[in-house]
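S.K.: Predicted model and sequence below, questions to follow.
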Amino acid sequence: MSETITRRVSIRGRVQGIGFRAHVEHAALTHGVEGWVRNRRDGSVEAVLSGSADAVTAVIDASRQGPPGARVDALDEFPAGPEDVSRRRSGELFSHLPTA
């Protein structure tokens, strides 16, 4: 079994108002990745992803592409930990959080 990793990603470009958060959530649930996604007031999308290294990488790769109509100009990846994942809603594997 693969080691569990946790990453925070910040995605910039045309990523709000086009179903980007739902795209990230679908990819995460498809790959069994826990975490959350939210819009940022600066126009970016932020997500925390936790799971096997292969699964988290697959969700990050899906986020680089985005849904139809998206344009990803930059995706920055940072280490994260359990305290970051714990922001998701109780009882949910993956959550949409309010804009921050």
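M.R.: Looks like it arrived, so ask away. Numbers count the residues shown, from 1 in each chain.

S.K.: just checking, what's the longest strand in this protein?
M.R.: As assigned by DSSP state E, the longest strand anywhere in the chain is strand 4-14.

S.K.: Does anything pack onto that strand? Which helices or strands?
M.R.: strand 45-52, helix 53-65, strand 71-79, helix 82-85 (3 or more Cβ pairs under 8 Å, 6 or more residues apart in numbering; DSSP states H and E). No exception for glycine: its C-beta is placed from N, CA and C like everyone else's.

S.K.: Show me the strands paired with that strand, marking each as parallel or antiparallel.
M.R.: strand 45-52 (antiparallel), strand 71-79 (antiparallel) (DSSP bridges).

S.K.: For the following helix or strand past it, enumerate the helices and strands it packs against.
M.R.: Counting by DSSP states H and E, the next helix or strand C-terminal to strand 4-14 is helix 20-30. Applying 3+ Cβ pairs under 8 Å, 6+ apart, we find helix 20-30 packed against strand 34-39, strand 45-52, helix 53-65, strand 94-96.

S.K.: if we go to 10 Å?
M.R.: strand 4-14, strand 34-39, strand 45-52, helix 53-65, strand 94-96 (3 or more Cβ pairs under 10 Å, 6 or more residues apart in numbering; DSSP states H and E).

S.K.: List every C-alpha atom in that helix, with coordinates, as CSV.
M.R.: Coordinates of each C-alpha in helix 20-30 appear next as CSV, following Å, rounded to 0.1, in the frame of the first residue of the first chain:
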residue,chain,number,x,y,z
PHE,A,20,-13.9,23.8,-11.3
ARG,A,21,-14.6,22.9,-7.6
ALA,A,22,-17.0,20.1,-8.7
HIS,A,23,-14.4,18.9,-11.1
VAL,A,24,-11.8,18.7,-8.3
GLU,A,25,-14.3,17.0,-6.0
HIS,A,26,-15.3,14.4,-8.6
ALA,A,27,-11.6,13.6,-9.3
ALA,A,28,-10.9,13.3,-5.5
LEU,A,29,-13.9,11.0,-4.9
THR,A,30,-13.0,8.9,-7.9
